[in-house]
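Engineer: Make a model of this:
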Amino acid sequence: MAEKIYTIPVNEAFEASRDDPAKGCPFCALEHMLEENELESILGASMMEPDIRIRTNDLGFCREHLAKMLERSKKLPLALILESHLDEQEKLFKKAPLRSAAANAQAEEERILALTSSCYVCEKVRFHFEKMLDTAIYLFGEDHSFREKFAAQPSFCLPHYAALLGRASRSLSKKEFADFYEEAEKVERPYFDSLREDVRWFVKKFDYRYQDEPWNNAKDAVERAIRFLQG
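Structural biologist: A predicted model of the protein is given here:
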């Protein structure tokens, strides 16, 4: 069962997107909120907690989140985190050599690839975001008012739509999932069709034969298509 602590932010995000379709996918808003919370936390009080420092030492941070941490102009907390992280990596560099130079190089490659593909912030966001997906699925089946909010969404971006369907298919019975999928598609398909038409019209507007025609909803079609495709 979904945890109750997630019901408030999930409801608020769905209400915001229902009331203002320009906000787009409610799950994008939730993911952004989680990311902002984690970045604030890791550069604040959480920075000195031993269990968190162990995780950041082991996982490090992806390029995107390191850049976002740097943008926050909190260089001292970031420097302290990096100092500890680099010290931990130094211990691995000092490990005893293996059988040959080739074996050493392969071990180093595997270790560095594992490090550069992991991220403390990504892991935390992913954990909480999956709980929010589960909460939305649970509320859809248990709360009629949420089901109405769900039906009134402007759209879900494709990555979050796929994640939502995937988790629903694994947690619901066949009958429940068939109902869920039908309602989700009623949100997604009309937006997808209208977006395709808007992009087509955007392209046509650069043909001299259509230059005097109105833009309709196509002026921001490229931006909306990118947000829809990538979240």
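
Engineer: from here on, contacts and neighbour counts on C-alpha atoms
Structural biologist: Fine.

Engineer: gap between the most centrally placed residue in the chain and residue 128?
Structural biologist: Compute the mean C-alpha point of the chain, and by CA atoms, centre = their mean the closest residue is residue 31, 4.7 Å away. Look at residue 31 and residue 128: by CA to CA, to the nearest Å, they are 9 Å apart.

Engineer: sec struct for residue 107, please.
Structural biologist: helix (DSSP: H, G, I helix; E, B strand; the rest coil).

Engineer: The chain should start at 11 in everything you say after this.
Structural biologist: In the new count, where the first residue is 11, that last one comes out as residue 117.

Engineer: ok, how many other residues are close to it?
Structural biologist: 14 (other CA atoms under 10 Å).

Engineer: ok, it to residue 123 distance?
Structural biologist: From residue 117 to residue 123 the distance is 10 Å (CA to CA).

Engineer: got any residues that touch both of those two?
Structural biologist: Residues touching both residue 117 and residue 123 by CA atoms under 8 Å, 6 or more residues apart in numbering: none at all.

Engineer: where do the helices sit along this protein?
Structural biologist: 17-29, 36-52, 60-69, 73-81, 85-103, 111-126, 130-152, 154-161, 168-181, 184-214, 231-240 (DSSP state H).

Engineer: per-domain residue ranges of this structure.
Structural biologist: 11-161, 165-241 (automatic domain parsing).

Engineer: Redo the ones you listed as JSON lines? Include mean pLDDT.
Structural biologist: Output for these, formatted as JSON lines (pLDDT from 0 to 100):
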{"stretch": "domain 11-161", "mean pLDDT": "89"}
{"stretch": "domain 165-241", "mean pLDDT": "96"}
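
Engineer: export the helices of the chain to JSON lines and tack on distance to residue 223?
Structural biologist: Output for the helices of the chain, formatted as JSON lines (distance: least, CA to CA, whole Å):
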{"stretch": "helix 17-29", "distance to residue 223": "30"}
{"stretch": "helix 36-52", "distance to residue 223": "33"}
{"stretch": "helix 60-69", "distance to residue 223": "54"}
{"stretch": "helix 73-81", "distance to residue 223": "41"}
{"stretch": "helix 85-103", "distance to residue 223": "52"}
{"stretch": "helix 111-126", "distance to residue 223": "50"}
{"stretch": "helix 130-152", "distance to residue 223": "42"}
{"stretch": "helix 154-161", "distance to residue 223": "33"}
{"stretch": "helix 168-181", "distance to residue 223": "31"}
{"stretch": "helix 184-214", "distance to residue 223": "10"}
{"stretch": "helix 231-240", "distance to residue 223": "16"}
